[in-house]
Structures are given as C-alpha cells and as structure tokens.
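Trainee: Got a predicted structure plus its sequence, pasted below:
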Amino acid sequence: MEISRSAIGNVRILRVSGQMNHVPFEALKKILHDQYNESKKVIIDMVDITHLDSSGLGQLVAAFKTSEAMNGELILVGVNDDIRKAMEDTKLVKLFRFADSIEEAMEIYGEAHSLK
C-alpha cells in the first residue's frame, strides 16, 4: 500500500493505492493524525486500491476511529463495487460517507470553490 498526500483549500487528501491488506496501520494512523492536525476535513481516495481484505477493512475502521478521536470528518472516494459490497456485508457502510469523486467530496465539505 502506498499513500500520497495533497491538499485542496482546507481539505486534506490521502491517495491510497495498491493492496490494502496486512500492512501495519501505524503508518496510516500517523499520517491521519498529521492531516487532522492541519485540517478537520480529510478525504481518502481509494480509486487505485487493487485489493482489500479483512485487515484492510480493519484499517478503515481504525481510520474512522481516528477521525472521531480528532473531531474530524472523513469521506471515502472511489470505492469500487467489490470493496463497497464487503463494507455492506460487514455493515461498515454505516460508519462512512462516500463520494464518487474528489469534486463530489469537496462539494459535500462545502469547499467546491477551492477547486477553481
């Protein structure tokens, strides 16, 4: 799993790519803490995730808990059908907000003006 960071206006974006599986969560947790210290609005862009197993689902739950602990907001972007089904089967969809694109997530956050 690789993670790259960027920002648009007041929103921090984490682009996650590759396999989201047995990789230790500590790296993602530290990055999330850093992002929430900069802004309370974070997007995790999952469009380039090629595989997600139960450990990956656990990482998403931990990301949700981190956002709550830091009084932040979290939107998942680009979740493919297979991952969405796994999240539905485990009832995790109830924890998250979803968007199809970065632009849609920015609109949800009321930050669409930052895209111009």
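Mentor: Yep, that arrived. Numbers count the residues shown, from 1 in each chain.
Trainee: check contacts around the residue nearest to Ala63 when sequence neighbours are not counted.
Mentor: Of all residues not flanking Ala63 in the chain, Leu32 sits nearest, at 6.0 Å (C-beta to C-beta, 6 or more residues apart in numbering). C-beta coordinates here come from the backbone N, C-alpha and C atoms, glycine included. Counting by C-beta atoms under 8 Å, 6 or more residues apart in numbering, Leu32 makes contact with Leu14, Val42, Ala63, Thr66, Ser67, Met70.
Trainee: Is Leu32 located within a strand, as I assumed?
Mentor: No: counting by DSSP: H, G, I helix; E, B strand; the rest coil, Leu32 is not part of a strand but helix.
Trainee: Just give the nearest non-adjacent residue to Asp82, would you?
Mentor: Using C-beta to C-beta, 6+ apart, the nearest residue to Asp82 is Leu52, at 7.8 Å.
Trainee: same question, Ser67
Mentor: Of all residues not flanking Ser67 in the chain, Leu74 sits nearest, at 4.1 Å (C-beta to C-beta, 6+ apart).
Trainee: could you say which helix or strand contains the one you found?
Mentor: strand 73-77 (DSSP states H and E).
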